[in-house]
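Student: let's see this in three dimensions:
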Amino acid sequence: MKKLGIIGGIGPEATMRYYLDIIKGYQNKINSQQSLPELSIVSINMYHMFDLLNHHQYDDVANYVSNAANELHKSGADFGLMCGNTPHILFHQIQERTALPLLSIIETSLTRAKSMNLKRLLLLGTKFTMENDFFAQPFRDAGINIVLPSDKDQQWIHEKIVTELENGIVNNNTKQQLIKMINQLITEHSLDGVILGCTELPLIIKPNDLQVSTFDIAKIHIDAAVDMILEK
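Tutor: Residues are numbered from 1 along each chain as shown. Just a heads-up that it's a prediction; the model follows:
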């Protein structure tokens, strides 16, 4: 069994979900409630990371996150993950700065999308995820079309993620506006799925809210992490 290191705080709600769901997934896999996987968590300051990104201080972001990965490596972790999508904008730079192998949320999501034969997906997330190509481009390279909300809607979604969802606040008015926006884009672009590209979005968008597949990248990432923990 491998020990997992989690870079948390990106944000706190996602960190708690990862911790609990990895334990539950592990116990379900081994069919026992009397065993626990070995985990270490280093929690970073998401708002500090966002501030660095807003000022385009990318080296500082890579150093900040990789320092957390190095702490996990020293704790004996065999592999690690970042329980948020946004820092994956610098995944390769972070990986270069640490000896801890990192499990990419982009790679696990792309593998799942290809297995489901999805071709037209809406990408939602923080502004960093939607404004940059780090998540969308690997999908496009694999022949999967990625659709984005308008620039105005991207800013609105980012604000709701940071001020509400990252703090565990699920506002029904926000939910209804978000679903209305998504449904309009589904109709306009004949989409066959929606990528919940922020690990807090599953708090507000549930599978039965939409008539197309909701692509919960956090759950996919968690499932892959459990499989890696159990690798011999």
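Student: check which helix or strand covers I220.
Tutor: In this structure, I220 sits in helix 217-229 according to DSSP states H and E.
Student: could you measure from E107 over to A142?
Tutor: Using C-beta to C-beta, to the nearest Å, E107 is found at 11 Å from A142. Quick note: C-beta positions are derived from backbone N, CA and C, even for glycine.
Student: these two - which one has more neighbours?
Tutor: Taking other C-beta atoms under 10 Å, E107 and A142 do not tie; E107 has more neighbours (14 against 11).
Student: for the strand or helix carrying the more buried one, output the C-alpha coordinates as PDB.
Tutor: Assessed by DSSP H and E, E107 sits inside helix 105-115. Coordinates of each C-alpha in helix 105-115 appear next as PDB, following Å, rounded to 0.1, in the frame of the first residue of the first chain:
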ATOM      1  CA  ILE A 105      -6.400  16.000 -12.200                       C
ATOM      2  CA  ILE A 106      -6.200  16.900 -15.900                       C
ATOM      3  CA  GLU A 107      -4.800  13.500 -16.900                       C
ATOM      4  CA  THR A 108      -7.300  11.600 -14.800                       C
ATOM      5  CA  SER A 109     -10.200  13.600 -16.200                       C
ATOM      6  CA  LEU A 110      -9.000  13.300 -19.800                       C
ATOM      7  CA  THR A 111      -8.600   9.500 -19.400                       C
ATOM      8  CA  ARG A 112     -12.200   9.300 -18.200                       C
ATOM      9  CA  ALA A 113     -13.600  11.600 -20.900                       C
ATOM     10  CA  LYS A 114     -12.000   9.400 -23.600                       C
ATOM     11  CA  SER A 115     -13.400   6.200 -22.000                       C
END
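Student: summarise which helices and strands it is packed against.
Tutor: Taking 3 or more C-beta pairs under 8 Å, 6 or more residues apart in numbering; DSSP states H and E as contact, the helices and strands that helix 105-115 lies on are helix 136-141, strand 213-216, helix 217-229.
Student: in a markdown table: those, plus mean pLDDT and mean neighbour count.
Tutor: What follows is the helices and strands packed on helix 105-115, written out as a markdown table (pLDDT from 0 to 100; neighbours: other C-beta atoms under 10 Å):
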| stretch | mean pLDDT | mean neighbour count |
| --- | --- | --- |
| helix 136-141 | 97 | 15 |
| strand 213-216 | 91 | 19 |
| helix 217-229 | 96 | 21 |
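Student: figure out which of the ones you listed is closest to D192.
Tutor: Smallest distance to D192 across those (C-beta to C-beta): 6.7 Å, for strand 213-216.
Student: strands paired with the closest one, and their directions?
Tutor: The pairing partners recorded for strand 213-216 under DSSP bridges are strand 193-196 (parallel).
Student: how about the strand it pairs with as PDB, C-alpha atoms only?
Tutor: Presented in PDB, the C-alpha positions along strand 193-196 are these (Å, rounded to 0.1, in the frame of the first residue of the first chain):
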ATOM      1  CA  GLY A 193     -21.400  17.000 -20.800                       C
ATOM      2  CA  VAL A 194     -20.300  19.700 -18.300                       C
ATOM      3  CA  ILE A 195     -16.900  19.700 -16.700                       C
ATOM      4  CA  LEU A 196     -17.100  20.800 -13.100                       C
END
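Student: got the contact list for that strand?
Tutor: For strand 193-196, the surrounding residues in contact (C-beta atoms under 8 Å, 6 or more residues apart in numbering) are 109, 113, 116, 118, 120-125, 135, 146, 182, 186, 202, 205, 210, 212-218.
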